[in-house]
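Asks: Show me the folded form of this:
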Amino acid sequence: MLSAIRDFFEQHIDTPAQAASHHTIELATAALLVEVVRLDRGVDDAARAVVLRAVREKFGLSAAEAATLVELAEREAAQATDHYQFTSLVNARFSQAQKERIVELMWRVAYADAELSAYEQHTIRKLASLLHVPPSAYIAAKLRARDAASG
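Replies: A predicted model of the protein is given here:
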(Lines give C-alpha, C1' and ligand atoms only; values in the text may rest on other atoms or scores of the structure.)
Protein backbone atom coordinates (compact mmCIF):
# COMPACT_ATOMS: atom_id res chain seq x y z
CA MET A 1 0.00 0.00 0.00
CA LEU A 2 1.04 3.54 -0.56
CA SER A 3 2.83 5.28 2.28
CA ALA A 4 0.38 8.15 1.77
CA ILE A 5 -2.40 5.86 2.99
CA ARG A 6 -0.53 4.96 6.15
CA ASP A 7 0.34 8.62 6.72
CA PHE A 8 -3.29 9.62 6.25
CA PHE A 9 -4.53 7.26 8.92
CA GLU A 10 -1.73 8.13 11.34
CA GLN A 11 -2.29 11.88 10.96
CA HIS A 12 -6.07 12.07 10.70
CA ILE A 13 -7.45 9.09 12.54
CA ASP A 14 -4.62 8.50 15.00
CA THR A 15 -4.86 4.73 15.34
CA PRO A 16 -2.29 2.19 16.49
CA ALA A 17 -0.10 0.41 13.96
CA GLN A 18 -1.87 -2.95 14.40
CA ALA A 19 -5.03 -1.33 13.01
CA ALA A 20 -3.32 -0.79 9.65
CA SER A 21 -4.97 -3.89 8.20
CA HIS A 22 -8.36 -2.39 9.11
CA HIS A 23 -7.46 0.72 7.11
CA THR A 24 -6.45 -1.45 4.18
CA ILE A 25 -9.99 -2.84 4.03
CA GLU A 26 -11.38 0.70 4.14
CA LEU A 27 -9.22 1.61 1.17
CA ALA A 28 -10.19 -1.56 -0.70
CA THR A 29 -13.88 -0.83 -0.17
CA ALA A 30 -13.48 2.77 -1.28
CA ALA A 31 -11.49 1.63 -4.34
CA LEU A 32 -14.33 -0.69 -5.41
CA LEU A 33 -16.81 2.17 -5.16
CA VAL A 34 -14.44 4.51 -6.99
CA GLU A 35 -14.10 1.95 -9.77
CA VAL A 36 -17.80 2.34 -10.55
CA VAL A 37 -17.39 6.14 -10.68
CA ARG A 38 -14.43 5.79 -13.04
CA LEU A 39 -16.59 3.94 -15.58
CA ASP A 40 -18.29 7.18 -16.59
CA ARG A 41 -16.22 9.40 -18.87
CA GLY A 42 -15.99 12.17 -16.30
CA VAL A 43 -16.32 11.97 -12.56
CA ASP A 44 -19.95 12.79 -11.91
CA ASP A 45 -20.56 14.94 -8.83
CA ALA A 46 -23.65 12.94 -7.85
CA ALA A 47 -21.77 9.63 -8.04
CA ARG A 48 -18.82 11.03 -6.10
CA ALA A 49 -21.21 12.32 -3.42
CA VAL A 50 -22.68 8.82 -3.07
CA VAL A 51 -19.18 7.39 -2.64
CA LEU A 52 -18.27 9.99 -0.03
CA ARG A 53 -21.50 9.40 1.91
CA ALA A 54 -21.05 5.62 1.76
CA VAL A 55 -17.46 5.81 3.02
CA ARG A 56 -18.43 8.22 5.80
CA GLU A 57 -21.32 6.03 6.97
CA LYS A 58 -19.55 2.69 6.62
CA PHE A 59 -16.38 3.72 8.46
CA GLY A 60 -17.52 6.61 10.66
CA LEU A 61 -15.20 9.17 9.07
CA SER A 62 -15.51 12.93 9.02
CA ALA A 63 -16.18 14.66 5.70
CA ALA A 64 -12.50 15.62 5.35
CA GLU A 65 -11.29 12.11 6.22
CA ALA A 66 -13.73 10.56 3.75
CA ALA A 67 -12.61 12.96 1.00
CA THR A 68 -8.96 12.10 1.64
CA LEU A 69 -9.71 8.36 1.67
CA VAL A 70 -11.61 8.62 -1.61
CA GLU A 71 -8.72 10.57 -3.18
CA LEU A 72 -6.31 7.86 -2.06
CA ALA A 73 -8.66 5.17 -3.38
CA GLU A 74 -8.88 6.96 -6.72
CA ARG A 75 -5.09 6.97 -7.01
CA GLU A 76 -4.84 3.34 -5.94
CA ALA A 77 -7.58 2.23 -8.35
CA ALA A 78 -5.93 4.12 -11.21
CA GLN A 79 -2.65 2.28 -10.56
CA ALA A 80 -4.22 -1.14 -10.08
CA THR A 81 -3.80 -3.73 -12.81
CA ASP A 82 -6.85 -5.71 -11.68
CA HIS A 83 -9.55 -5.83 -9.02
CA TYR A 84 -8.17 -8.85 -7.17
CA GLN A 85 -6.04 -6.81 -4.77
CA PHE A 86 -9.22 -5.13 -3.53
CA THR A 87 -11.71 -8.01 -3.69
CA SER A 88 -9.34 -10.43 -1.96
CA LEU A 89 -9.09 -8.09 1.05
CA VAL A 90 -12.85 -7.70 1.20
CA ASN A 91 -13.37 -11.46 0.91
CA ALA A 92 -10.91 -12.09 3.72
CA ARG A 93 -12.33 -9.55 6.14
CA PHE A 94 -16.03 -9.02 5.45
CA SER A 95 -19.04 -11.21 6.15
CA GLN A 96 -21.40 -12.20 3.36
CA ALA A 97 -23.87 -9.52 4.44
CA GLN A 98 -21.15 -6.85 4.37
CA LYS A 99 -20.07 -7.90 0.88
CA GLU A 100 -23.68 -7.73 -0.29
CA ARG A 101 -23.88 -4.22 1.19
CA ILE A 102 -20.82 -3.21 -0.85
CA VAL A 103 -22.54 -4.48 -4.00
CA GLU A 104 -25.59 -2.41 -3.11
CA LEU A 105 -23.38 0.64 -2.58
CA MET A 106 -21.78 0.08 -5.99
CA TRP A 107 -25.28 0.02 -7.52
CA ARG A 108 -26.15 3.25 -5.69
CA VAL A 109 -23.08 4.86 -7.21
CA ALA A 110 -24.08 3.60 -10.66
CA TYR A 111 -27.65 4.93 -10.28
CA ALA A 112 -26.47 8.32 -8.95
CA ASP A 113 -26.34 9.92 -12.39
CA ALA A 114 -29.72 8.44 -13.42
CA GLU A 115 -28.03 6.58 -16.30
CA LEU A 116 -27.03 2.95 -16.00
CA SER A 117 -24.43 2.06 -18.60
CA ALA A 118 -23.55 -1.38 -19.89
CA TYR A 119 -20.02 -0.86 -18.52
CA GLU A 120 -21.37 -0.19 -15.04
CA GLN A 121 -23.59 -3.27 -15.15
CA HIS A 122 -20.77 -5.47 -16.42
CA THR A 123 -18.24 -4.22 -13.88
CA ILE A 124 -20.59 -4.54 -10.91
CA ARG A 125 -21.57 -8.04 -12.03
CA LYS A 126 -17.88 -8.96 -12.30
CA LEU A 127 -17.02 -7.46 -8.91
CA ALA A 128 -20.01 -9.17 -7.28
CA SER A 129 -18.78 -12.46 -8.68
CA LEU A 130 -15.26 -11.81 -7.35
CA LEU A 131 -16.83 -11.05 -3.96
CA HIS A 132 -18.71 -14.38 -4.09
CA VAL A 133 -22.09 -12.65 -3.93
CA PRO A 134 -24.74 -15.04 -5.29
CA PRO A 135 -26.94 -13.89 -8.19
CA SER A 136 -30.05 -13.63 -6.00
CA ALA A 137 -28.28 -11.26 -3.58
CA TYR A 138 -26.75 -9.33 -6.49
CA ILE A 139 -30.22 -8.76 -8.01
CA ALA A 140 -31.74 -7.86 -4.64
CA ALA A 141 -28.97 -5.29 -4.06
CA LYS A 142 -29.55 -3.83 -7.51
CA LEU A 143 -33.30 -3.51 -6.89
CA ARG A 144 -32.80 -1.87 -3.48
CA ALA A 145 -30.39 0.64 -5.01
CA ARG A 146 -32.74 1.33 -7.92
CA ASP A 147 -35.65 1.89 -5.55
CA ALA A 148 -33.56 4.20 -3.37
CA ALA A 149 -32.47 6.19 -6.43
CA SER A 150 -36.02 6.60 -7.69
CA GLY A 151 -37.08 8.03 -4.43
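
Asks: Was I right to think F86 contacts A30?
Replies: No - using C-beta atoms under 8 Å, F86 makes no contact with A30, being 9.1 Å away. For the C-beta atoms, the positions are set from N, CA and C on the backbone; glycine is no exception.

Asks: Tell me the helices and strands packed up against the host helix or strand of E71.
Replies: If you go by DSSP states H and E, E71 is part of helix 63-79. In terms of contacts (3 or more C-beta pairs under 8 Å, 6 or more residues apart in numbering; DSSP states H and E), helix 63-79 is packed against helix 3-8, helix 20-38, helix 45-59.

Asks: mind giving me JSON lines with the ones you listed and columns for distance to N91, mean pLDDT and mean neighbour count?
Replies: Formatted as JSON lines, those follow (distance: least, C-beta to C-beta, whole Å; pLDDT from 0 to 100; neighbours: other C-beta atoms under 10 Å):
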{"stretch": "helix 3-8", "distance to N91": "20", "mean pLDDT": "53", "mean neighbour count": "14"}
{"stretch": "helix 20-38", "distance to N91": "10", "mean pLDDT": "80", "mean neighbour count": "22"}
{"stretch": "helix 45-59", "distance to N91": "17", "mean pLDDT": "88", "mean neighbour count": "18"}
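
Asks: Distance to V109 added to these, as CSV?
Replies: CSV is the format used below for those (distance: least, C-beta to C-beta, whole Å):
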stretch, distance to V109
helix 3-8, 21
helix 20-38, 4
helix 45-59, 5
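
Asks: center of this structure, which residue is that?
Replies: For the chain, the residue sitting closest to the mean C-alpha position, by C-alpha atoms, centre = their mean, is L33 at 2.7 Å.

Asks: Can you name the next helix or strand after the helix or strand containing L127?
Replies: Taking DSSP H and E as the definition, L127 sits inside helix 118-130. Using DSSP H and E, the helix or strand that follows helix 118-130 in sequence is helix 135-150.
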